[in-house]
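Student: Coordinates only, no sequence provided:
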């Protein structure tokens, strides 16, 4: 009986680790619950139940086992980790690997940083902003200013977020930088269309995946998670809009 409880504890640790990685990497709520339950069923835990929110996971094996809870404090967008956890889950449910192997792989995934270096992220944001400008039918004369505003804005976002860990403040400050560059570029005759520069430069800051996940969770019936993610996306959009409005008002 004691050995069985130890086995169950290890299994739950593995399942909670998988769910935690997915939530922290920006996965949809229904995907997290489905992954954890599939992994549990592969270990003959047919009575397993899971309740997931953007800030925590509650997992239970039934009346005979204590309910386990893990809290989630940090969330980013890392699709690579989500894909890797899904791969581990599929191989575990297909009995291609053991639970111990799955746990070791999940620990490795959790510890590994799959993000590109900061300078590559900034360059990518700058080029994306310039490409958005052309897509929005802006002039080539504004291309460099859109790249400059988008790149510097994204760099400020990363720096402020590392210093304060306050998402709203980092997005507000980054948008202030974007708006200021666009205003000065047009004011001194170097740029032509301030609206196109601003819109294209804030695109790397827009929470597109968060909005998509909120809608998908709502469609899947996870109303609490969908509303929570929708509120977070609204705050991000409000921070961007407020910063641009403050910049243009001056």
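Tutor: Alright, I've got the coordinates. On a predicted model such as this, the values are computed, not experimentally measured, just so you know.

Student: which SSE is the residue nearest the centre of the chain in?
Tutor: For the chain, residue 77 is the residue whose C-alpha lies nearest the centre (CA atoms, centre = their mean; 2.5 Å). Using DSSP states H and E, residue 77 falls within no helix or strand.

Student: need the contact list for it.
Tutor: When contacts are counted by CB atoms under 8 Å, 6 or more residues apart in numbering, residue 77 touches 25, 26, 209, 210. C-beta here means a position set from N, CA and C on the backbone, and glycine is covered the same way.

Student: run the last query once more with 10 Å
Tutor: Residue 77 is in contact with 25, 26, 27, 115, 207, 208, 209, 210, 213, counting by CB atoms under 10 Å, 6 or more residues apart in numbering.

Student: With residue 92 instead?
Tutor: 14, 18, 35, 38-39, 42-43, 98-99, 101-103, 105-106.

Student: Please repeat the previous calculation with a cut-off of 8 Å.
Tutor: Counted by CB under 8 Å, 6+ apart, residue 92 has contacts 39, 42, 99, 102.

Student: pLDDT-wise, which helix or strand of the protein ranks last?
Tutor: For the chain, counting by mean pLDDT, DSSP states H and E, helix 2-24 ranks last in confidence among helices and strands (a mean of 80).

Student: packing partners for that one?
Tutor: Using 3 or more CB pairs under 8 Å, 6 or more residues apart in numbering; DSSP states H and E, the elements in contact with helix 2-24 are helix 29-42, strand 49-53, strand 56-60, strand 68-71, helix 79-93, helix 99-111.

Student: Could you list the paired strands of the third one along with their orientation?
Tutor: Partner strands for strand 56-60, per DSSP bridges, with pairing direction: strand 49-53 (antiparallel), strand 68-71 (antiparallel).

Student: hmm, who's touching the first one?
Tutor: Contacting residues not belonging to strand 49-53 are listed as 15, 19, 23, 29, 32-33, 36-37, 40, 57-62, 222, 224-225, 228 [CB under 8 Å, 6+ apart].

Student: Recalculate using a threshold of 10 Å.
Tutor: Identification of contacts with strand 49-53 by CB under 10 Å, 6+ apart yields 15-16, 19, 22-23, 27-37, 40, 57-62, 67, 69, 71-72, 217, 222, 224-225, 228-229.

Student: From those, list just the buried residues.
Tutor: Buried by 16 or more other CB atoms under 10 Å: 15-16, 19, 22-23, 27-33, 35-37, 40, 57, 59-61, 72, 217, 222, 225, 228-229, out of these.

Student: what sits against residue 94?
Tutor: Shown in contact with residue 94 (CB under 10 Å, 6+ apart): residue 42.

Student: From residue 245, how far off is it?
Tutor: Distance, residue 94 to residue 245, using CB to CB, to the nearest Å: 53 Å.

Student: Can you pull the poorly scored residue ranges out of the chain?
Tutor: Scanning the chain for pLDDT under 70 picks out 1-6, 64.

Student: quick one: the top helix by length along it to helix 29-42, angle?
Tutor: Longest helix in the chain by number of residues, with DSSP state H as the criterion: helix 223-249. Helix 223-249 and helix 29-42 are oriented at 150 degrees to each other (axes from the mean of the first three to the mean of the last three CA atoms, to 10 degrees).

Student: So which of the strands paired with strand 56-60 is the most surrounded?
Tutor: Highest mean neighbour count of the strands paired with strand 56-60: strand 49-53, a mean of 18 (counted as mean count of other CB atoms under 10 Å).
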